[in-house]
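Undergrad: Could you look at this predicted model? Sequence included:
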Amino acid sequence: MARGHSDRRADGAKRPRRRFRLLLAAVLVLMLLLGIGFGRFLVNLPPAASDLTAQADGIVALTGEGSRLAPAVTLLEKGSGKRLLITGVNPQTSKPYLKKLLHGGDAFDCCADLGFTALDTRGNAQEAAKWASARSYHSLIIVTADYHMPRSLVEFGAQMPGVALVPYPVAADNPKAAIWENARRLSGEYVKYIASVVRVSLFGVQRDA
């Protein structure tokens, strides 16, 4: 009997160690998969666009890091789209101020719209979807930072499955930033990208009220 109790105690002591090893193995596998995924994310980032021949019904520029707005205004002035939506604009920002800042011309006066409701990328997509639907647009040029383009296409594609999206990636503000700064920005964006992919895959389109 004493030996039986001893064996059971030994087995009981081994179980937590087995669970810990399994948990550690799972964590290591997950980290490996995330590392591989991050590497593929970096390799597949689109190069900054320099071709102004892109053409679509409308143009959407997302505010944020990266000099995203000036190229979008240039595309509008060159007739690459009928209208431009700048989404995620600070409510205190006026159209005359942006025109002066971005060196807009007559096309900016007549055909540039400002969206003030979006607070994040999904909000940008929702705002753009309403704007495009109201004008019966079937194609959009999406102007945003190069590292932000993959997530933007996921969110915009979810909100507008029937609309053709033409990516127009813009280089980051400071490409010569310290390595750790770029790594922090890119890794953070990768996590957000994965979150968008998982959310859209599991829950589909989530439109605002």
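TA: The structure has been received and is ready for your questions. Numbering: from 1, shown residues only.
Undergrad: Provide the secondary structure category for A70.
TA: Reduced to three states with DSSP: H, G, I helix; E, B strand; the rest coil, the structure at A70 is helix.
Undergrad: Please disregard the earlier target; I meant G79.
TA: coil.
Undergrad: ditto for A54
TA: Quick answer, by three-state DSSP: A54 is coil.
Undergrad: quick one: it from S139, how far?
TA: 10 Å (C-beta to C-beta, to the nearest Å). From N, CA and C alone the C-beta is placed, and that goes for glycine too.
Undergrad: what's the nearest residue to G204 if we skip its chain neighbours?
TA: Excluding its sequence neighbours, the residue lying closest to G204 (C-beta to C-beta, 6 or more residues apart in numbering) is A158, at 7.2 Å.
Undergrad: Any idea how many residues pack against that neighbour?
TA: 22 (other C-beta atoms under 10 Å).
Undergrad: give me the element the closest residue to G81 other than its chain neighbours is part of.
TA: Among residues not flanking G81 along the chain, I59 sits closest, at 3.9 Å (C-beta to C-beta, 6+ apart). Using DSSP states H and E, I59 maps to strand 58-62.
Undergrad: And the spatially most central residue of the chain, which helix or strand is it part of?
TA: Closest residue to the average C-alpha location of the chain: R151 at 2.8 Å, with C-alpha atoms, centre = their mean. For R151, the enclosing helix or strand under DSSP H and E is helix 149-159.
Undergrad: Please pull out the lowest mean pLDDT helix or strand from this protein.
TA: helix 2-43 (a mean of 67; mean pLDDT, DSSP states H and E).
Undergrad: which stretches of the protein have low pLDDT?
TA: Residue ranges of the chain with pLDDT under 70: 1-15, 31, 33-35, 37-38, 65-66, 173-180, 205-209.
Undergrad: care to break the protein down by domain?
TA: 1-44, 58-203 (automatic domain parsing).
Undergrad: residues contacting the residue nearest to L62 when sequence neighbours are not counted?
TA: Of all residues beyond its chain neighbours, the one nearest L62 is T144 (4.3 Å), with distances taken as C-beta to C-beta, 6+ apart. The contact partners of T144, by C-beta atoms under 8 Å, 6 or more residues apart in numbering, come to 61-62, 64, 66, 68, 152, 169-170.
Undergrad: gap between T144 and L24?
TA: For T144, the distance to L24 - C-beta to C-beta - is 39 Å.
Undergrad: what's the answer for D120, then?
TA: In terms of C-beta to C-beta, D120 sits 35 Å off from L24.
Undergrad: likewise A56?
TA: 50 Å.
Undergrad: cool, L52 as well?
TA: 53 Å.
Undergrad: hang on, the earlier thing: okay but the residue nearest to the centre of the chain is in contact with V191, surely?
TA: No - counting by C-beta atoms under 8 Å, R151 does not reach V191; the two are 10.1 Å apart.
Undergrad: All set now, cheers.
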